[in-house]
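Novice: Here's a sequence, model it:
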Amino acid sequence: MAASDNKITDPTAGRIHAARLERFVSDAFLAVGLPAQDAATCAQLMTRADLNGADGHGIFRLPQYIRRIKGGAVNVKPAVRVAREAAGMALVDGDNGMGHVVMSFAAKKAIDKAKTAGVAWVGVNRSNHAGPASLYAAMPLEHDMIGLYLAVGNANHMAPWGGVDLLLSTNPIAVAAPGTEGPIVLDMATSVAAYGKVKTAAQRGEAMPEGWMIDHQGKPLTDPKRSAEGLLVPIGGYKGYGLALVIGLLAGSLNAAAMGSETIDFNADDTTPTNTGHAIVAISIAAFGEVADFKRRVDKLVREIRRSRRMPGVDRVWLPGEQSRMKLEERSRLGVPVPAALRAGLDKLAAELKVRPLET
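Specialist: Reported below is the predicted structural model:
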């Protein structure tokens with residue numbers, strides 16, 4: 001994602017250091033019954049999302065997650081297990097657990113299998129929203145592997161190309177490949193804007209740019225508070241629609257997870273399990289050749305792209321993941337910006353759960 005896509009524009013946003021943010025999230029999950037290790041896993045991944053600049057997928061989601069747990073929509077003590085298995089694949093039953101917990105289990109399974117099989121595909125069903133796709137695509141990087149992640153989104157905000165019925169989600173895809181000068185990490189929704197950005201714009205009282213959403217007559221919709229009246233626009237027109245469809249088939253239908261009209265809108269429903277589907281693929285570079293040679297080829301391509309000629313007015317050609325890494329460095333030093341409206345909601349949540357509130 002581009003840093004500008006996730007920019008905090010609220011000038012009153014206070015900074016919260018990552019360690020404090022992580023403790024607060026963990027305390028909140030412990031207060032509603034998650035085991036200590038699962039609470040820690042969710043807190044670590046949600047904080048990493050905020051550090052990377054994915055503001056619609058980090059602590060912003062905490063009140064929603066807590067509501068769904070309290071509403072009985074999420075199992076706080078799941079028995080995550082492998083339901084089917086072969087040398088290069090597995091199907092994980094998430095037992096309706098927190099998506100971060102389920103996907104961490106699935107990613108580890110894919111990595112372990114790829115060490116012997118070379119390539120491993122792990123599908124997931126009966127899961128929940130798990131935050132930004134890049135978190136999981138990047139997990140194989142530590143093992144000199146390429147990661148690929150697919151998911152069915154947790155609400156339908158797109159229609160088939162030319163239609164108006166909401167039958168598709170923003171179904172994200174992420175790919176991470178290692179290099180010695182830093183990994184290439186692509187993380188993208190199949191819509192022009194992820195719905196999380198619509199929600200954060202609404203919370204901040206900002207208008208959406210034209211091109212994010214349209215109404216049922218195909219006209220631009222820029223008021224995020226009217227998003228229920230419109231449709232998210234797929235990237236590349238009919239191509240984005242096709243990509244969302246096939247990602248849904250691979251991450252949802254293949255795994256007997258929700259897709260199409262079966263998809264539950266977790267923004268509006270706090271009581272129904274979502275049966276969210278994911279897929280993660282780990283590819284061992286060593287199975288194809290020398291790891292160092294692959295990284296050298298990646299680095300060569302990176303340098304060529306960085307040095308390539310630019311259009312007038314363009315200061316830099318960016319590679320996927322670079323702006324997120326810059327945000328990670330900046331926010332690790334200065335803290336994560338938390339807008340005033342979000343801070344107020346988190347203070348209210350802290351009072352309800354009787355946990356220590358955030359402090360700047």
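Novice: just for the stretch 1-150 of the chain, where's the confidence low?
Specialist: For the stretch 1-150 of the chain, the stretches flagged by pLDDT under 70 are 1-12.
Novice: Pull the CA coordinates from stretch 205-223 and hand them back as CSV.
Specialist: What follows is stretch 205-223, C-alpha atoms only, in CSV (Å, rounded to 0.1, in the frame of the first residue of the first chain):
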residue,chain,number,x,y,z
GLY,A,205,-15.1,13.4,9.2
GLU,A,206,-13.2,13.4,5.9
ALA,A,207,-14.6,13.1,2.4
MET,A,208,-13.6,10.2,0.1
PRO,A,209,-11.8,10.9,-3.2
GLU,A,210,-13.8,10.4,-6.3
GLY,A,211,-13.2,6.9,-7.6
TRP,A,212,-13.4,5.0,-4.4
MET,A,213,-17.2,4.4,-4.4
ILE,A,214,-20.2,4.9,-6.8
ASP,A,215,-23.9,4.8,-6.2
HIS,A,216,-26.3,2.5,-7.9
GLN,A,217,-26.6,4.8,-10.9
GLY,A,218,-22.8,4.7,-11.3
LYS,A,219,-22.2,8.3,-10.0
PRO,A,220,-19.4,9.1,-7.7
LEU,A,221,-20.1,8.8,-4.0
THR,A,222,-17.8,10.8,-1.7
ASP,A,223,-19.5,10.9,1.7
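Novice: Let me see the mean pLDDT of that stretch.
Specialist: Mean pLDDT, stretch 205-223: 94.
Novice: in that stretch, what's buried?
Specialist: 208, 212, 213, 214, 221 (16 or more other CB atoms under 10 Å). Just so you know, the C-beta spots here come from the backbone N, C-alpha and C atoms, and that holds for glycine as well.
Novice: farthest-separated two in those residues?
Specialist: Greatest spatial distance among these (CB to CB): 208 and 214, at 10.9 Å.
Novice: Which neighbours do those two have in common?
Specialist: Shared contacts of residue 208 and residue 214 (CB atoms under 8 Å, 6 or more residues apart in numbering): residue 221.
Novice: if we can go back for a sec, can you redo the buried residues of stretch 205-223 as TSV, where the extra columns are secondary structure?
Specialist: Below are the buried residues of stretch 205-223 laid out as TSV (DSSP: H, G, I helix; E, B strand; the rest coil):
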residue	secondary structure
208	coil
212	coil
213	strand
214	strand
221	strand
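Novice: Give the burial count for residue 72, as a bare number.
Specialist: For residue 72, the neighbour count with other CB atoms under 10 Å is 13.
Novice: Next one: it from residue 18, what distance?
Specialist: Between residue 72 and residue 18 the computed distance is 31 Å (CB to CB, to the nearest Å).
Novice: all strands of this structure, in order?
Specialist: Using DSSP state E, the strands assigned to the chain run over residues 14-16, 81-86, 89-93, 119-127, 145-151, 173-177, 184-188, 213-215, 220-221, 230-232, 276-284, 336-338.
Novice: Make CSV from these and add distance to residue 309 to it.
Specialist: Shown next, in CSV, are the strands of the chain (distance: least, CB to CB, whole Å):
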stretch, distance to residue 309
strand 14-16, 38
strand 81-86, 48
strand 89-93, 44
strand 119-127, 37
strand 145-151, 29
strand 173-177, 24
strand 184-188, 21
strand 213-215, 35
strand 220-221, 34
strand 230-232, 34
strand 276-284, 32
strand 336-338, 35
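Novice: Residue 355 is nearest to which of these?
Specialist: Nearest of these (CB to CB): strand 14-16, 14.5 Å.
Novice: Buried residues of that closest one, list them for me.
Specialist: Neighbour-count burial for strand 14-16 flags 14, 16 (criterion: 16+ other CB under 10 Å).
Novice: helices or strands up against it?
Specialist: For strand 14-16, the packing partners by 3 or more CB pairs under 8 Å, 6 or more residues apart in numbering; DSSP states H and E come out as strand 336-338.
Novice: Output the contacting helices and strands for the strand it packs on.
Specialist: Judged by 3+ CB pairs under 8 Å, 6+ apart, strand 336-338 is in contact with strand 14-16, helix 36-51.
Novice: Go through the longest one and flag the buried ones.
Specialist: Applying a neighbour-count criterion of 16+ other CB under 10 Å, one finds 38-51 buried in helix 36-51.
Novice: and the closest residue to residue 87 other than its chain neighbours, how many neighbours does it have?
Specialist: Leaving out its chain neighbours, the residue that sits closest to residue 87 by CB to CB, 6 or more residues apart in numbering is residue 117, at 5.0 Å. A count of nearby residues for residue 117, using other CB under 10 Å, gives 17.
Novice: my guess is residue 117 meets residue 85, correct?
Specialist: No - applying CB atoms under 8 Å, one finds residue 117 not in contact with residue 85, separated by 11.3 Å.
Novice: Can you mark which positions in the top helix by length along the chain are buried?
Specialist: Counting residues, the longest helix found in the chain (DSSP state H) is helix 99-117. The neighbour-count check on helix 99-117 (16+ other CB under 10 Å) flags 99-107, 109-111, 113-114, 117 as buried.
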